[in-house]
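Trainee: My questions concern the predicted model and sequence given below.
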Protein chains: 2
Amino acid sequence: MNKWKIKSQKTIFIQRFFKVKTQEILLPNGKKRKYSIVERRPISVIFPASDKLELYLISQFRHLFNKKILEAVAGHIDTKETPLGAARRELKEETGITASSWREILEFETSASVIKSNIHMFLAKGIELGVSNPEEGEEIELVKMSIEEAIKKIMDGEIRTASTIIGVFLLDKLNKEGKL
Amino acid sequence: MNKWKIKSQKTIFIQRFFKVKTQEILLPNGKKRKYSIVERRPISVIFPASDKLELYLISQFRHLFNKKILEAVAGHIDTKETPLGAARRELKEETGITASSWREILEFETSASVIKSNIHMFLAKGIELGVSNPEEGEEIELVKMSIEEAIKKIMDGEIRTASTIIGVFLLDKLNKEGKL
């Protein structure tokens, strides 16, 4: 396998959640190429589930789409946090929920070519509802549903963001195998 | 629902596949906030399937991870292309495969908060193998497997990018329902 060589690179934009880099690449065939990438802070995604295996999703306004969307709880992992630490913090802040049992069910990347964004996905059980403490500008509504209902909402296009889709499909699989 | 208002915005970086914008936002509570977003060109993802419903995935070197990864065929949709047009073109270029039957099986977003990246996912049947014509720097190997094998590779962490995971789970569901 012939790897690309980075001849030089420059961070041209840096922000709380991501940075943009431009690179001068030497291709295996000896030619040069410019390449730009976005590196995003890793994210924890959390699916709290009741004893009956109902999932708590959230409905919140998303500026990127200028409307409310239904999705799993998620948040960026701070520099000094573990993925699990971020998962516990985000779940408490966004929904007020605490959980006694945590399990990482998948780790993946949202993209393969231009945007680096690593996701840690957790199932939280033994949950207790509490008082949330959302960030400024966040208005979050808890929405409880069965895994079957969530699958139906994916097929209807009501749930339409990648991490939530992956989590629901995976939980459905694990549930059918008796592994939840 | 209280929407965010964009008071001003500026495109600070523009490139072939994405642009970066910084925005001055007026929150519903009257406070101001800066927000930066990445807008990526939409992408078509293609799952060619044999008559026995074996999937053709590809193995290729990905600079972002500095190694070969196993994933679905995918590519950015050009400005004057339809999602289906891009799907046909990318499938032919990257694998040499042409198909007589095309079906869009899902449309979704890779992210909800900072990165806008829209995905159109296709199933291609009635396929014929042919000669590929990859872009410079691309070395692509076709890998055929059953849906069950692909599911196993997700659980093993060998398939680990979001669009491919979503497609495999969805095709497994449709197959089990007799809808492929």
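Mentor: Noted; the coordinates are in hand.

Trainee: Look at the residue of chain A found nearest chain B and say how many residues are nearby.
Mentor: Nearest residue of chain A to chain B: A:F169, at 3.7 Å (CB to the nearest CB). For every residue, glycine as well, the C-beta is placed using N, CA and C. A:F169 has 22 neighbours, counted by other CB atoms under 10 Å in any protein chain shown.

Trainee: Could you find the closest non-adjacent residue to it?
Mentor: Distances taken as CB to CB, 6 or more residues apart in numbering or on different chains place B:F169 nearest to A:F169, at 3.7 Å, with adjacent residues excluded.

Trainee: Can you tell me the element that neighbour falls in?
Mentor: Here B:F169 sits within helix B:162-176, counting by DSSP states H and E.

Trainee: Now do that helix: which elements does it pack against?
Mentor: strand A:98-109, helix A:162-176, strand B:43-48, strand B:55-62, strand B:67-71, strand B:98-109, strand B:118-128, helix B:147-155 (3 or more CB pairs under 8 Å, 6 or more residues apart in numbering or on different chains; DSSP states H and E).

Trainee: Give me the buried stretch members for it, please.
Mentor: Within helix B:162-176, the residues scored as buried using 16 or more other CB atoms under 10 Å in any protein chain shown are B:162-174.

Trainee: Including distance to A:L106 and pLDDT, could those residues go into a markdown table?
Mentor: Formatted as a markdown table, the buried residues of helix B:162-176 follow (distance: CB to CB, whole Å; pLDDT from 0 to 100):
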| residue | distance to A:L106 | pLDDT |
| --- | --- | --- |
| B:A162 | 10 | 98 |
| B:S163 | 15 | 98 |
| B:T164 | 13 | 98 |
| B:I165 | 8 | 98 |
| B:I166 | 12 | 98 |
| B:G167 | 15 | 98 |
| B:V168 | 13 | 98 |
| B:F169 | 11 | 98 |
| B:L170 | 16 | 98 |
| B:L171 | 18 | 98 |
| B:D172 | 15 | 98 |
| B:K173 | 17 | 97 |
| B:L174 | 21 | 97 |
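
Trainee: Retrieve the pLDDT associated with the most centrally placed residue in chain A.
Mentor: Geometric centre of chain A, nearest residue: A:V45, 4.2 Å, by CA atoms, centre = their mean. A:V45 carries a pLDDT value of 98.

Trainee: My guess is it contacts A:S117. True?
Mentor: No: with contact defined as CB atoms under 8 Å, A:V45 does not count as touching A:S117 (11.4 Å).

Trainee: Show me how chain A divides into domains.
Mentor: A:5-39, A:41-176 (automatic domain parsing).

Trainee: which parts of the host helix or strand of A:F13 are buried?
Mentor: Assigned by DSSP H and E, A:F13 falls within strand A:5-14. Within strand A:5-14, the residues scored as buried using 16+ other CB under 10 Å are A:F13.

Trainee: And stretch A:89-102, end to end?
Mentor: 13 Å (CA to CA, to the nearest Å).

Trainee: and what of stretch A:11-26?
Mentor: Start-to-end, stretch A:11-26 (CA to CA) is 18 Å.

Trainee: ok now do the residue nearest to the centre of chain A, which residues does it touch?
Mentor: Contacts of A:V45 were listed using CB atoms under 8 Å, 6 or more residues apart in numbering or on different chains, and they are A:A72, A:V73, A:A74, A:A87, A:I119, A:H120, A:M121, A:F122, A:S163, A:T164, A:G167.

Trainee: And it, how close does it get to B:V38?
Mentor: A:V45 sits 19 Å away from B:V38, going by CB to CB, to the nearest Å.

Trainee: any idea which residue of chain A is furthest from its center?
Mentor: A:G30 (37.6 Å).

Trainee: secondary structure class for that residue?
Mentor: coil (DSSP: H, G, I helix; E, B strand; the rest coil).

Trainee: how about it, phi and psi?
Mentor: phi 90, psi -10 (degrees, to the nearest 10).

Trainee: Need the per-residue pLDDT for it.
Mentor: For A:G30, the model assigns a pLDDT of 90.

Trainee: Please apply the same query to A:G137.
Mentor: 66.

Trainee: Equivalent analysis for the one 5 residues further on, please.
Mentor: The confidence metric pLDDT takes the value 96 at A:L142.

Trainee: Check A:M1 too.
Mentor: pLDDT, A:M1: 65.

Trainee: List the buried residues for whichever strand or helix holds A:K34?
Mentor: Under the criterion of DSSP H and E, A:K34 resides in strand A:32-40. Across strand A:32-40, burial judged by 16+ other CB under 10 Å covers A:Y35, A:S36, A:I37, A:V38, A:E39, A:R40.

Trainee: what's the answer for stretch A:112-129, then?
Mentor: A:112-125, A:127.

Trainee: And stretch A:126-146, by the same measure?
Mentor: A:I127, A:S132, A:G137, A:I140, A:L142, A:M145.

Trainee: go on, stretch A:59-73?
Mentor: A:Q60, A:F61, A:R62, A:H63, A:L64, A:I69, A:L70, A:E71, A:A72, A:V73.

Trainee: Start and end of that stretch, how far apart?
Mentor: 9 Å.

Trainee: ditto for stretch A:47-54
Mentor: 10 Å.

Trainee: contact partners of it?
Mentor: So stretch A:47-54 is in contact with A:55-56, A:72-73, A:91, A:95, A:97, A:99, A:105, A:121-125, A:127, A:144-147, A:167, A:171, A:175, A:180, going by CB under 8 Å, 6+ apart.
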